[in-house]
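K.L.:
Next comes the sequence, and after it the predicted model I'd like to discuss.
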Amino acid sequence: MAALLVLLSLLLLLQHGVCGLSRERLSRELGLRLSQSASITTWSAEEYPRFSEYGAPRPGAVVTPATEQDVAIIVEYCTSNDISFLAQNGGHWWATTFHLGSDGLLIILRDLNWVTFNSDKTEVTAGGGALVSHVIDAASENNVLVHTANCNCVGILGALLGGGYGNLMGQYGFAVDNVLSFNAVLADGHLRTITSEDKDLFWAFRGAGSNFGIVTSVTLKAHPVSPSDQTGWTGMLSYSHDKVEKVVEAIKTTHWQPQMSIILYYTTTGSPNHAPRVAVSPFYHGTAEEGRSAFSSFFDLDPIHDTMLEVQYPHWNDGTDGSCSKTAYQPAYAAGLATLDVNTWKKVWDEYVSFVSLNGTHETTIMMEAYPLEKARSLPESSSAYAWRNKVNFNAMAIPSYHDTKLDSAAVAWASKVRDMWRATDGLDSPAVYINFAHGDEDLSVVYGQNVDRLKAIKASVDPTNIFNQSFVL
């Protein structure tokens, strides 16, 4: 009899969602308050995949809002019922800061995916569900350029809120430098428009935005161009393993033009051999002739493979589509660097070769991004909450990738060791990391630098109960 009573009690708990947030409960309590096109579903990893399954959130249910006001209603409901939540679009955040379990709610923003322009095409407004590809395709059709990240499947806002590096850095600065206004739901459950007149919040959202609200749309500067100005030159140059140090030295000594950027990769050749290789992906906003001239030092190193070609704006990011694959475990570690130490990068190459020799690790990547920074540094470091504008010149990432969780310990040990190697010769007074690339174990000063105290004060004012708590919380 006692056992039966316990069983009945457990069934009642499950029915009312106490042991996990149920779709039925949300439909009953929240569903009628949302717009007709909004949906409430049960969560599954297959339906809502993430870039990395390592430490990924495991919510009890999912709500997909159809309007910006829906987001406000969802946040108000969650705060009133003490339900933790996380907003997601592209799902590429890899940090290990999530603590969203079966009693939590995932807010999927993908239906807020509009992209519109003002009459003279100098401003673009993108919904919180727009991907980089959505913005670039719309911009190309309207003969404008918009500064975005370099990966098509990443959410425009996920990349932007941390600072926003990308192909157009040299011409337009950081993505946060191009923001005109945000629509955002704050901790009080209200939808607000945040402009430069909101001095503290506008500053804080541009570099630490996930701490302060859910951005439901953003208005950015757009840059009208002629169709001929949509030409870019990009691809991949691969080298034999004995060229590692020379390739790194070529990046270190690059004479930057505003139209340039470059990404260094340690990767493998794929099936069947999965041989380690060093490669670079140069980008030039212009013609092949101009690009080959700007990157001539890399051709002087006699690449063994050359896939460089002229492409139009909607195809600038095609080379990073491999990064859009999901469901692997990828506990990445990253470091900001003031300089490139060639000897360190040779040692990192040796570590990479050793790690990818393990069965099941051949998708692992080392990546380093470099951009011209003169335009970005024409603004003071205090202009936004992004902390490393004048200090970090390169961002390096060690991204182990595998599908067998038995490799977790080896992957974490390897990637954290590589990060330590970079930090030992980073040329900085103290460690730094780009928040969008951070692992999750960093001190707040490593992420936010000298801005920690000001950000904490703003956080205490606008989110005193810390409801936005799934990122690097202040």
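P.N.:
Okay, I see it.
K.L.:
Please name the residues that touch Phe85.
P.N.:
74-75, 78, 100, 104-107, 467 (CB atoms under 8 Å, 6 or more residues apart in numbering). For every residue, glycine as well, the C-beta is placed using N, CA and C.
K.L.:
Please tell me how far Ala370 sits from Val473.
P.N.:
Per CB to CB, to the nearest Å, Ala370 is found 30 Å from Val473.
K.L.:
Phe355 now?
P.N.:
31 Å.
K.L.:
and what of Gly128?
P.N.:
From Gly128 to Val473 the distance is 20 Å (CB to CB).
K.L.:
Of Ala370 and Val473, which one has the most company?
P.N.:
Taking neighbours as other CB atoms under 10 Å, Ala370 and Val473 compare with Ala370 leading, 23 against 14.
K.L.:
was I right about Met421 contacting Val348?
P.N.:
Yes: judged on CB atoms under 8 Å, Met421 makes contact with Val348 at a distance of 5.9 Å.
K.L.:
right, and Pro276 touches Tyr266 too?
P.N.:
Yes: here Pro276 lies in contact with Tyr266, judged by CB under 8 Å, at a distance of 6.8 Å.
K.L.:
intersection of neighbour lists for these two?
P.N.:
Going by CB under 8 Å, 6+ apart, residues that sit against Pro276 and also against Tyr266 are 349, 352.
K.L.:
show me where pLDDT drops low in the stretch 1-150 of the chain?
P.N.:
The model of the stretch 1-150 of the chain has pLDDT under 70 over residues 1-19.
K.L.:
for it, what spans make up the helices?
P.N.:
Here the stretch 1-150 of the chain has its helices, by DSSP state H, counting those that start in this stretch, at 2-15, 23-29, 68-80, 132-141.
K.L.:
circling back: out of Met421 and Val348, which sits in the busier spot?
P.N.:
Neighbours per residue, other CB under 10 Å: of Met421 and Val348, the larger number sits with Val348, 23 against 19.
K.L.:
Pretty sure that one sits in a helix.
P.N.:
Yes: secondary structure assignment places Val348 in a helix (DSSP: H, G, I helix; E, B strand; the rest coil).
K.L.:
Contacts only, for it.
P.N.:
With CB under 8 Å, 6+ apart, Val348 has these contacts: 266, 366, 398, 418, 421-422.
K.L.:
Could you check the pLDDT of it?
P.N.:
Per-residue pLDDT puts Val348 at 98.
K.L.:
For it, give its distance to Ala438.
P.N.:
19 Å.
K.L.:
Next: Ser461.
P.N.:
Taken as CB to CB, the span from Ser461 to Ala438 is 25 Å.
K.L.:
Glu141 too?
P.N.:
35 Å.
K.L.:
the more surrounded of these two?
P.N.:
Taking neighbours as other CB under 10 Å, Glu141 and Ala438 compare with Ala438 leading, 26 against 12.
K.L.:
how close does that one get to Asp453?
P.N.:
19 Å.
K.L.:
ditto for Thr269
P.N.:
Distance from Thr269 to Asp453, by CB to CB: 48 Å.
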